[in-house]
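Student: 3D model of this:
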Amino acid sequence: MATALLVAAGLALSQPPVGTCVLETIGCFADSAAARVFPTGGAEGGLAPYPFTLDTCGSTCQKLGYAFAGAENGNECYCADAAPTGAKQPVGECQASKCAQNASQGCGGPDRLFVFKPTCNIPPSFHGCLGGNAASFKFCDASLSVEERLDDFVGRLTVAQKVSLITPASSLGDTCATHTVGIPEIGLTQYLWLTEANSGVAGTCIAPGVCITTWAGPANLAASFNRTSWRQKGEITGVEMRALHNANWHRGDPQSIIGLSGFGPNINIARDPRWGRISEVPSEDPYLAGTYAFHMVSGMQKQDDKGHPMMAAYLKHYAAYSVETNRGRDNYEISLRDFMETYLAQYERAFKANPTGVMCSYNGENGHPSCANGWMLNTVLRGQWNQSNAHITTDCGAVELFLGPPLNAPSQQAAAAWAINNGTDLEMGSTIWGAKLTGAVNDNVVSEATLTAAVKRGYRTHFVFGRFDPLSEIGWATIGTDQLNSTDSQRASFEAVLQSFVLLKNDHTRTLPLKKGAKIAVIGPMGQQRYGLMSDYAPGQTCFPRNGDYAYCIPTIAEEIAAANEGGVTVGSAGCDVNSTVTSGFPLALAQARASDVVVLVVGINQSIEYETHDRPDTALPGVQPELAELVLALGKPTVMVMVNGGVLAIDNLIAGPNAIVEAFKPATRGAEALAKTLFGTHNRWGKLPVTIYPHSFISQNPMTNFDMALPPGRTYKYYTGGALFEFGFGLSYTNFSLTCTRVSAGNYGCTVKNVGDMVGDEIVQVYHSAGASVRANLNYTVPMKSLVEFERLGPIEPGQSMVANFSIPDETLTVIDLNGRPQLFPGAHNLIFTRGHGAVTNFTVTIN
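Tutor: Have a look, this model is predicted:
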């Protein structure tokens with residue numbers, strides 16, 4: 001904990017030593033929620049640094065750029081640019097409430113604000129090798145190699161201390177967040193391992209207007225097919241992770257101070273639309289998901305001039321995780337071919353960007369829980385993929401689950417040993433390692449070398465990102481909270497969501513784009529949702545809390561359509577809840593639709609339907625939404641149907657009725673604005689489907705527990721033969737494009753996309769490999785009908801103008817995974833298919849001798 005020195009008002013201040021604050025007393029002032037002396041913190045009890053002391057309050061205000069701080073009620077912190085001018089109260093009234101984590105300090109009182117001017121020199125959270133005898137430790141010498149420093153670091157630890165660094169300490173906070181203890185003898189502080197980072201850093205707003213950039217859901221990002229956008233997302237996530245870390249801020253629970261370990265992206269395959277966590281993942285295609293992760297991780301781990309990455313990125317959930325029912329007790333039979341073609345391929349691609357590690361999943365494969373699957377963790381990840389330093393953490397409580405099926409470990413010691421001996425390095429959630437691992441080493445069930453290797457893999461990344469280096473040598477140490485949700489970040493996230501909507505239908509009436517000045521009725525429950533526009537694992541707070549509301553600042557789709565409909569009249573109603581049998585809202589909704597020129601029908605699902613621990617039983621619209629939709633469509637009004645969802649919706653009976661259909665997925669905070677501007681034609685930046693939209697019959701033909709991708713009628717666009725409602729890669733535009741592709745030389749192709757319509761827009765060229773008939777005839781198993789091997793987003797392209805995409809597709813791209821999970825380049829004809837996802841395609845044949 002930092003040391004605070006209180007001095008009298010007007011005393012000259014100098015920069016204090018690292019880890020200390022000098023606090024100039026200004027005075028005690030009357031304060032209340034109705035009339036705040038300082039505005040920062042609003043009416044919700046101020047800011048909440050942890051541990052709460054005068055120095056952490058002062059440091060937080062200083063790091064936010066304020067000159068003055070104030071403490072009240074022992075646990076409320078307020079900031080301001082100028083000292084208060086009101087009458088001072090007796091100083092003793094500001095000693096009534098002691099600071100929550102330092103009883104020797106007075107932190108104001110009821111309706112009394114202790115105001116002071118801080119001058120603090122508090123380092124970023126958990127920084128090591130500061131002061132004391134740090135200079136005597138070899139591991140603090142930044143001129144040495146990481147390997148030398150690591151050897152010295154672990155060489156100073158006992159077996160018990162090593163164990164304490166890789167298992168949660170429940171005394172420090174939530175065990176799922178995974179706080180590990182410090183080692184005071186070597187100046188090592190405690191550390192928080194888990195901060196989610198899938199769709200932005202999962203931290204809380206620091207102050208009004210100082211929140212974290214929120215991104216549209218991963219399926220939205222994947223639909224853009226835009227590598228640049230994915231890298232920008234990663235970079236902004238890294239910047240904001242450093243900003244929160246530097247500011248000593250927390251992830252919701254004030255005890256959970258944010259470190260530099262970020263868990264995301266989640267790149268499990270969207271194998272089945274019923275999966276409860278499908279809004280967290282980008283795509284059903286491993287190449288697309290892996291490429292998305294590669295670029296996001298590359299941005300997250302961008303290095304400074306000394307080689308320090310902004311943060312440590314961990315992929316989730318390794319591997320084959322896509323069922324919530326019976327989670328942690330489930331086991332699936334998966335062939336080597338399905339493993340290497342579908343369930344591991346995206347991770348292999350992502351690891352070309354060298355992420356720090358992975359979180360292993362709850363489920364089991366072929367009798368082995370992921371976190372005790374030595375083949376997946378050691379043989380494949382660390383061996384075949386040459387990722388010997390990959391750091392592997394459990395999901396929350398996974399080791400404890402070993403005590404039941406499918407593994408049925410006979411004891412806690414056995415559970416601990418099976419996890420670490422098979423390649424897991426850090427226990428999250430449960431505390432079995434803390435209780436049993438030291439004994440396991442003493443009993444020779446686990447070797448000390450195995451324990452040491454786990455510690456080294458975990459702390460190697462801390463040396464790499466600079467935890468033990470001088471702050472002056474870390475280029476990211478000065479990133480401040482002014483970088484949170486900055487103008488550039490907002491622009492990037494808005495651009496990303498603009499490119500993420502998919503136009504599935506726009507018939508000859510050309511209802512889209514909408515015309516301003518019309519009478520528009522926005523009907524349907526998802527048109528009125530705020531938080532329902534968010535994917536799971538979005539940042540902890542999108543809006544600075546107001547009366548317990550964290551979503552009030554998210555505009556609804558109805559509100560943004562009204563704002564965009566200049567000169568017109570926009571009305572709207574939900575008509576029904578997302579999942580309800582109540583139809584009392586139907587009459588108003590139908591009356592509004594009947595009186596309108598155009599209807600925007602917004603249907604879908606929110607977090608009450610699909611979420612962690614709960615799979616959807618059905619892919620149809622829930623509740624009475626289908627009935628509402630059919631009644632609206634029966635009116636015969638020009639109608640645009642917008643779908644908001646994580647997992648795709650089976651809209652078999654609703655395709656014919658609307659004049660236009662838009663897939664919006666989970667567009668997040670500015671998604672409604674981007675959607676409204678797209679519907680009115682201000683933007684024409686459409687994406688393509690990153691998943692297959694299946695008919696309703698899919699769920700009766702494919703049990704969720706079946707992990708065989710090719711078993712008829714198959715899964716994903718590679719194998720599904722049941723007739724998709726809309727295919728992977730499909731998507732229209734307001735304008736028309738032509739596609740002309742040529743083979744420039746062996747393995748090199750050029751595609752010209754020309755805008756032959758009358759509106760500027762973007763287009764996406766996709767390239768698929770399909771093994772020819774001669775190849776298939778010689779194989780005794782089913783191979784994909786086609787597989788994505790390349791893509792390029794082009795635009796904006798003006799009417800009459802063209803852009804060119806060049807593709808290098810060497811022969812090794814044309815491999816097929818064999819029954820042993822190995823890629824094979826089979827002789828015979830192979831087809832390359834160049835397409836925009838609809839319309840004419842160009843095929844080239846490559847013959848392998």
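Student: rest of the way, CA atoms for contacts and neighbours
Tutor: Will do.
Student: So what touches stretch 552-565?
Tutor: Residues outside stretch 552-565 that contact it (C-alpha atoms under 8 Å, 6 or more residues apart in numbering) are 515-518, 522, 526-531, 542-543, 546, 569-572, 668-670, 672-673, 675-677, 680.
Student: What is the distance between it and the centre of its chain?
Tutor: 24 Å (C-alpha atoms, centre = their mean, to the nearest Å).
Student: Please narrow the contacts of stretch 552-565 to those residing in helices.
Tutor: Under the assignment DSSP state H, those contribute 672-673, 675-677 to helices.
Student: just the residues you listed now: which is nearest residue 64?
Tutor: Closest approach between those and residue 64, by C-alpha to C-alpha: residue 673, at 29.1 Å.
Student: residue contacts, that closest one?
Tutor: Residue 673 makes contact with 555, 557, 560-561, according to C-alpha under 8 Å, 6+ apart.
Student: now residue 96
Tutor: Counting by C-alpha under 8 Å, 6+ apart, the residues that residue 96 touches are 106-110.
Student: ok, those residues vs residue 230, which is closest?
Tutor: For the contacts of residue 96, the nearest to residue 230 is residue 107 (44.5 Å; C-alpha to C-alpha).
Student: The closest one touches residue 69, doesn't it?
Tutor: No - the criterion here is C-alpha atoms under 8 Å, and residue 107 misses it with residue 69 at 11.1 Å.
Student: rewinding a little: what would the ones in helices among the contacts of stretch 552-565 look like in CSV with distance to residue 690 and pLDDT?
Tutor: Listed next are these as CSV, based on distance: C-alpha to C-alpha, whole Å; pLDDT from 0 to 100:
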residue, distance to residue 690, pLDDT
672, 20, 98
673, 22, 98
675, 18, 98
676, 22, 98
677, 22, 98
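Student: Show the buried residues in these.
Tutor: The neighbour count (16 or more other C-alpha atoms under 10 Å) marks 672-673, 675-677 as buried among the ones in helices among the contacts of stretch 552-565.
Student: Check what pLDDT the residue nearest the centre of the chain gets.
Tutor: In the chain, the residue lying closest to the centroid (C-alpha atoms, centre = their mean) is residue 198, at 1.1 Å. On pLDDT, residue 198 comes in at 97.
Student: Could you look up the SS state of it?
Tutor: coil (DSSP: H, G, I helix; E, B strand; the rest coil).
Student: what's the least confident helix or strand in the chain, going by average pLDDT?
Tutor: Lowest mean confidence among the helices and strands of the chain (mean pLDDT, DSSP states H and E): strand 3-7, at a mean of 52.
Student: Show the subsequent helix or strand relative to that strand.
Tutor: Sequence-wise, the next helix or strand downstream of strand 3-7 (DSSP states H and E) is strand 20-30.
Student: what lines up beside that next one in the sheet?
Tutor: strand 3-7 (parallel), strand 88-89 (antiparallel), strand 112-121 (antiparallel) (DSSP bridges).
Student: pLDDT of the longest one, averaged?
Tutor: Meaning strand 112-121. If you average the pLDDT over strand 112-121, you get 94.
Student: What subset of the contacts of stretch 552-565 is buried?
Tutor: Among those, those scoring as buried are 515-516, 518, 522, 526-531, 542-543, 569-572, 668-670, 672-673, 675-677, 680 (criterion: 16+ other C-alpha under 10 Å).
Student: I'd like the list of the residues you listed that fall within strands, please.
Tutor: Under the assignment DSSP state E, those contribute 522, 569-572 to strands.
Student: any chance of the residues you listed in JSON lines, with pLDDT too?
Tutor: Below are these laid out as JSON lines (pLDDT from 0 to 100):
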{"residue": "522", "pLDDT": "98"}
{"residue": "569", "pLDDT": "98"}
{"residue": "570", "pLDDT": "98"}
{"residue": "571", "pLDDT": "98"}
{"residue": "572", "pLDDT": "96"}
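Student: ranking the strands paired with strand 20-30 by burial, who's on top?
Tutor: Highest mean neighbour count among the strands paired with strand 20-30 (mean count of other C-alpha atoms under 10 Å): strand 112-121, with a mean of 27.
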